[in-house]
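In: have a look at this fold, sequence not included:
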């Protein structure tokens, strides 16, 4: 199925995303400590970050599985169609989750999106994290 190199990439991207989300939570905690936000807002934002991080883990694994399965298609057109369908599924699911949560709280929905941005941070930091964790690139 998924090669060992791709599994290492997924792990390092998730670690990078975790680092990003922990940094956001630390900033939120510091703003709470200096009385800039209430405990309710701190908990609300934290729930959004945790949900966003969970979505990030799902997205990283789903993308890896999608690309791995697309490599075994004989026809480029079918592979491209498969990739587009899976990509649309992933983003539709994210939009549905954010819209459902935004009906309850716009603050949580906003911080879900912030948590999802951790995937970008993890992807950009992937070479550095792999170098630190696995001593190779």
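Out: Right, received. Where do you want to start? The model shown is predicted, which means the values in this text are computed figures rather than measured ones.

In: geometric centre of this protein: which residue is closest?
Out: Nearest to the mean C-alpha position of the chain, by CA atoms, centre = their mean, lies residue 56 at 2.0 Å.

In: the helices in this protein, which residues?
Out: Ranges of helices within the chain are 4-33, 39-70, 76-104, 106-124, 126-134, based on DSSP state H.

In: now mean pLDDT too, for those helices, in CSV please.
Out: Shown next, in CSV, are the helices of the chain (pLDDT from 0 to 100):
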stretch, mean pLDDT
helix 4-33, 93
helix 39-70, 93
helix 76-104, 95
helix 106-124, 94
helix 126-134, 89
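
In: tell me which of these sits most buried.
Out: Ranked by mean neighbour count, those are led by helix 106-124 with a mean of 19 (mean count of other CB atoms under 10 Å). (C-beta placed from N, C-alpha, C; glycine too.)

In: surely residue 116 meets residue 91?
Out: No. Using CB atoms under 8 Å, residue 116 is not in contact with residue 91; the gap is 10.6 Å.

In: quick one on the thing from earlier: show me the contacts for the residue nearest to the centre of the chain.
Out: 14, 17, 21, 115, 116, 118, 119, 122 (CB atoms under 8 Å, 6 or more residues apart in numbering).

In: okay, the closest residue to residue 11 other than its chain neighbours and residue 105: tell me how far apart.
Out: Spatial nearest neighbour of residue 11, excluding adjacent residues (CB to CB, 6 or more residues apart in numbering): residue 133 at 7.7 Å. To residue 105, residue 133 is 35 Å away according to CB to CB, to the nearest Å.

In: next: residue 26.
Out: 22 Å.

In: do the same with residue 13
Out: For residue 13 relative to residue 105 (CB to CB), the value is 28 Å.
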